[in-house]
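Undergrad: Attaching a predicted model along with its sequence, questions to come.
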Amino acid sequence: MRNTTYTETSVIEVMKGSLEWINRCKLFILDIDGTFYLSGKPFNGSKLFYETLLKTGRKLVFLTNNSNRSINSYLEEFRELGFELTREQIVTAGIATAEYLFEEFGPKRVYVVGTEEIKDEFRRVGHILVEDEPEIVVVTFDLTLTYEKIKKATIFVSRGALFVVTNPDLNCPSIDGPLPDAGAIASVIRKASGVYPNIVFGKPEPKLIDMIIRRHALSPNETCVVGDRIYTDILAGIRSGTFTVLVLTGEATAEDGLHGPVKPHLIVQDIGILAKFIS
Ligand SMILES: [Mg+2]
């Protein structure tokens, strides 16, 4: 039996009463691509959502599985779009992976399949980046991918290097269509080497959401995770015990949210519609 009520065509309460629950949330953890904007262009309701959170004194943190960009590049981009954010308001899977690996294993020899921007972030955290005999191979969303990099990573993991993937996404939505993301790149290395990744970071791994909630000294039931993907955003929120909202501006359809194995609490057309229920 499904508890589904349609309050208006653009809002579906998958869990009855979820529109009331939304107002108890003090922290909103928002996905970026397909949720706040697409290819750097904010959706119509994004400004209203941002202003509503500001006006009602709620906290906003962006959590993206993106693994090829620095925090600074996000801060600059948001500033140009008219949104002033602090460093603490941006959490990316790429940088969180670098920090986690350093905390867990200390300085190691790391081969990064990635852009120069993300390599710099790995160095900044304290890793030693190498081109030969790495102890760890990290696969990211590499917009500068070459056959040479795939070849090296395949050989290194087959020789026993720890195989780490920053995020499981198979593709990243763009105006032109889906772009192959870290999960797709890692699958080539996995198939070629026969070695499965040892660690896959990013959503739906709940570590990042737990960390953000702790930083704000809140509890999961005061937190709302908003995203356009069920198998990353929504699943991560559910694993962390938060309230979850699926938006239809990216990958998933309402059908996916209603009939798939993982169900969000609430489905809204976009975050502008969601803003109308926050007071
Ligand atoms: Mg997304």
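TA: The structure has been received and is ready for your questions.
Undergrad: For Thr124, give me its contacts.
TA: Quick fix: residue 124 reads Arg, not Thr. Arg124 is in contact with Ala98, counting by C-beta atoms under 8 Å, 6 or more residues apart in numbering. To be clear about C-beta, it is placed using only N, CA and C from the backbone, and glycine gets the same treatment.
Undergrad: so it is in which element?
TA: helix 116-125 (DSSP states H and E).
Undergrad: Hmm, Ile150 is touching Arg190, no?
TA: No: between Ile150 and Arg190 there is no contact under C-beta atoms under 8 Å: 11.0 Å.
Undergrad: With adjacent residues omitted, what lies nearest to the closest residue to the ion within the chain?
TA: Closest to the ion within the chain is Gly34: 3.6 Å, counting by C-beta to the ion. Distance criterion C-beta to C-beta, 6 or more residues apart in numbering; nearest residue to Gly34, sequence neighbours excluded, is Gly250 at 2.2 Å.
Undergrad: Quick check: that neighbour touching Ser174?
TA: No: contact criterion C-beta under 8 Å: Gly250 and Ser174 do not qualify, at 10.9 Å.
Undergrad: out of those two, which sits in the more crowded spot?
TA: Using other C-beta atoms under 10 Å, the more surrounded residue of Gly250 and Ser174 is Gly250, with 19 against 13.
Undergrad: how about that one, secondary structure?
TA: Here Gly250 is recorded as coil under DSSP: H, G, I helix; E, B strand; the rest coil.
Undergrad: what do you get for Val91?
TA: Secondary structure, three-state DSSP: Val91 is strand.
Undergrad: Let me see the contact set for it.
TA: For Val91, the contacting residues are Val61, Phe62, Leu63, Thr64, Leu208, Met211, Ile212, by C-beta under 8 Å, 6+ apart.
Undergrad: Any idea what it is bridged to?
TA: Beta-bridge pairing of Val91 under DSSP bridges involves Leu63.
Undergrad: Just the element for Thr35, please.
TA: Going by DSSP H and E, Thr35 is not part of any helix or strand.
Undergrad: Show the contacting residues for it.
TA: Val226, Gly227, Asp228, Asp233, Val247, Thr249, Gly250, Ile271.
Undergrad: Quick check, pLDDT for it.
TA: Confidence at Thr35, expressed as pLDDT, is 96.
Undergrad: Give me the distance between it and Leu170.
TA: Distance, Thr35 to Leu170, using C-beta to C-beta, to the nearest Å: 17 Å.
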